[in-house]
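Peer 1: 3D, please:
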Amino acid sequence: MPSRIEDYAMIGDCRSAALVSRDGSIDWLCLPRFDSAALFAALLGDESHGRWRIAPAEKGYQVRRCYRGDSMVLETTFETSTGVCRVVDGMLLDQSDAALVRLVEGVRGEVALAMDLTIRFDYGSVTPWLRRTGPRSFHAIAGPDATEFVSPVDIENEAFRTSAAFAVHAGDRLPFQLVWHPSQRDGEARIEDPAAALDATVQWWEHWSDRCTLIGEGRERLVRSLLCLKALIYQPTGGIVAAPTTSLPERIGGSRNWDYRYCWVRDATYTLYALVLTGYRDEAAAWVDWLVRAVAGTPSEVNIMYGLAGERRLPELELDWLPGYEGSRPVRTGNAAWNQLQLDIFGELMDTAWLAYKSGIPISPTSWNVFRTMMAHLGKIWPEPDEGIWEVRGGRQQFTHSKVMAWVAFDRAVKIARRAGFEAPLAEWIAHRERIHAEVCTRGYHREKGCFTQVYEGEAVDASLLMLPLVGFLPVQDPRIAGTVAAIERELLVGGLVLRYDTRRTRDGLEQGEGVFLPCSFWLVDTYVLQGRHEDARRLFDRLTGLQNDVGLMSEEYDPVARRQLGNFPQAFSHIAFVNAAFHFHTPVSSFRERSEEGADRGTGERGG
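Peer 2: Take a look at the predicted model:
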């Protein structure tokens, strides 16, 4: 059985990623891109589906781990009855191939270790052909994939598995390396000095971390989340993957298991905001460029999500040979939500463009033409029902949040056109903006309950409604916002944290029950800050940061009863929300309110209802 989700740490090279458990086992490795077939898939099956473990031979050892400095290179320290050793794991940067190095260091005394390596391609379904290239190395090949393994100690191969038993003494440094390359390429693919390359990788990450402009309290945790986000940015294109895993369950044993190794347009606003706030303008500009390339084309064909290079078709398949994480089936690759209608993405796209413009990232005439064409399409479709922010599979509905974000799209488009002097049908866009606002305040507001609701003429609330004050739809002081926050506190708080929605009252096409949603909980922190409820904000923020694992990583959801993380891991959305909330604790409230009061100049607090 795999480890608990929070017992993993991530390493990566900005093109691929691996998960390392506390017991020294790499149970998940996607190469050469995040969304390609997995080389190790024990996370979703067992060791026969591929893993690589290096750990003490004796039982009962103690484990400590941390990242080496401000980097994505992991140190796991094992203390046994005879000594102490350390395994340093990293994926090398600036390599033509995807290279994984495991450096075993002797710290004190002598430690007997065991290594077990099972290579399987294509999510554990393909057993490669092994060819020995020396007493301590071999080449593995199958179909398009090939790997070169080099060991500093003698190895044995039996039944397509590799093992070794060895000892490490104080001062020893034993480098193991596994390098992936396309099978059609001839020649060896190995690192000449893997220990030096690993040190250089640490230096690269630390140089990147030094660019963070935030100083003082909370910087260490914030930098760790930024490092996680950087590792999830696909370097060749600038796209950010939502998570490096697929099918980690939102409910243990359930079917809410999705493939998150893609780029969601929705993440754009939050990602850009987090990067700009903390000084990473190059990454923010690359993300804007990725967005424009991805959405360019016919507006009616704009996706809610894309592949890392901007691929549009992401067919969903079920891998029936994998039993899934703790029996949570099915295991999926691809994501059928790629062709859903989700109106909110238009708002997030234009909010991204507006934030970029305000931050000094230019909007080219070509980009503006793309946006303008997209807005003409939105003007035709915004009254339609959609699947909403949570990608429900129970049919389209009139989601309040979707309409609010359509309002954001027209609002930000008007602002950009006015500020930048771009040609635009301003009167038409303003008319759409005002009509949407009035409709949401009438049909999306429940007078008797005194709150906005998940869908028009509905009664249930939804955590996405927390975005209303954050995007400036209404001032945070508006009594309708206060009533909505109070309703969310009454109906969606579990263990002090926020559910996305009540699965018993929402037609989402899935079985009931899931964990609390960490990004929504951070949105409540932001709302508390705006409301001036600083003690509540600090209490909830501290509760959320306490859920990070020992190396500062978070998944998408959390089970407050079983006290364990749920969902794909680590989750970019959670870390983005954390960075934004953390920054707000170190920013004057007036500065934070600037974005949340975008609509104040139009008197929107006096409209509707």
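Peer 1: so where's the stretch 151-300 of the chain uncertain?
Peer 2: 187 (pLDDT under 70).
Peer 1: Which parts of it are strands?
Peer 2: Along the stretch 151-300 of the chain, counting by DSSP state E, counting those that start in this stretch, strands occupy 156-158, 161-169, 173-182, 263-264.
Peer 1: Determine the set of other helices and strands touching the shortest one.
Peer 2: Helices and strands touching strand 263-264, by 3 or more C-beta pairs under 8 Å, 6 or more residues apart in numbering; DSSP states H and E, are strand 305-306. No exception for glycine: its C-beta is placed from N, CA and C like everyone else's.
Peer 1: before we move on, what about the longest one?
Peer 2: Under the contact criterion of 3+ C-beta pairs under 8 Å, 6+ apart, strand 173-182 touches strand 98-118, strand 145-150, helix 194-209.
Peer 1: roughly how far out does that strand sit from the chain middle?
Peer 2: Between the mean C-alpha location of strand 173-182 and the chain-wide mean there is a distance of 27 Å, by C-alpha atoms, centre = their mean, to the nearest Å.
Peer 1: Sheet partners, orientation included, of it?
Peer 2: Next to strand 173-182 in the sheet, as set by DSSP bridges, lie strand 98-118 (antiparallel), strand 145-150 (antiparallel).
Peer 1: and the angle for the last one with strand 161-169?
Peer 2: What separates the directions of strand 145-150 and strand 161-169 is an angle of 30 degrees, with axes from the mean of the first three to the mean of the last three C-alpha atoms, to 10 degrees.
Peer 1: Tell me the buried residues in stretch 291-305?
Peer 2: Along stretch 291-305, these residues count as buried under the neighbour rule (16 or more other C-beta atoms under 10 Å): L291, V292, R293, A294, V295, A296, P299, V302, N303, I304, M305.
Peer 1: Give the buried residues for the biggest helix by length in the chain.
Peer 2: Counting residues, the longest helix found in the chain (DSSP state H) is helix 400-420. Neighbour-count burial for helix 400-420, counted by 16+ other C-beta under 10 Å, picks out 400-417.
Peer 1: so what does it touch, helix or strand wise?
Peer 2: helix 344-358, helix 365-381, helix 426-443, helix 467-470.
Peer 1: And those helices: which comes nearest A537?
Peer 2: A537 lies closest to helix 467-470 among the helices and strands packed on helix 400-420, at 13.4 Å (C-beta to C-beta).
Peer 1: now that closest one: mean pLDDT?
Peer 2: Helix 467-470 shows a mean pLDDT of 96.
Peer 1: for it, packing partners?
Peer 2: Other helices and strands packing on helix 467-470, by 3+ C-beta pairs under 8 Å, 6+ apart, are helix 400-420, helix 479-492, helix 518-531, helix 589-596.
Peer 1: Tell me the gap between it and the middle of its chain.
Peer 2: On C-alpha atoms, centre = their mean, the centre of helix 467-470 falls 22 Å from that of its chain.
Peer 1: what are the C-alpha coordinates of that helix, in CSV please?
Peer 2: Output in CSV follows, covering the C-alpha atoms of helix 467-470 (Å, rounded to 0.1, in the frame of the first residue of the first chain):
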residue,chain,number,x,y,z
MET,A,467,-15.1,35.6,-5.0
LEU,A,468,-17.8,38.2,-5.2
PRO,A,469,-16.1,40.8,-3.0
LEU,A,470,-12.6,39.6,-4.0
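Peer 1: how about that helix: buried residues?
Peer 2: Per 16+ other C-beta under 10 Å, helix 467-470 contains these buried residues: M467, L468, P469, L470.
Peer 1: wait, A18 sits on I11?
Peer 2: Yes: using C-beta atoms under 8 Å, A18 is in contact with I11, at 5.3 Å.
Peer 1: quick one, which of the two is more surrounded?
Peer 2: A18 (28 against 25; other C-beta atoms under 10 Å).
Peer 1: The nearest residue in space to that one that is not next to it in sequence: neighbour count?
Peer 2: For A18, ignoring the flanking residues on the chain, the nearest one in space by C-beta to C-beta, 6 or more residues apart in numbering is L29 at 4.2 Å. Residues near L29, counting by other C-beta under 10 Å, number 28.
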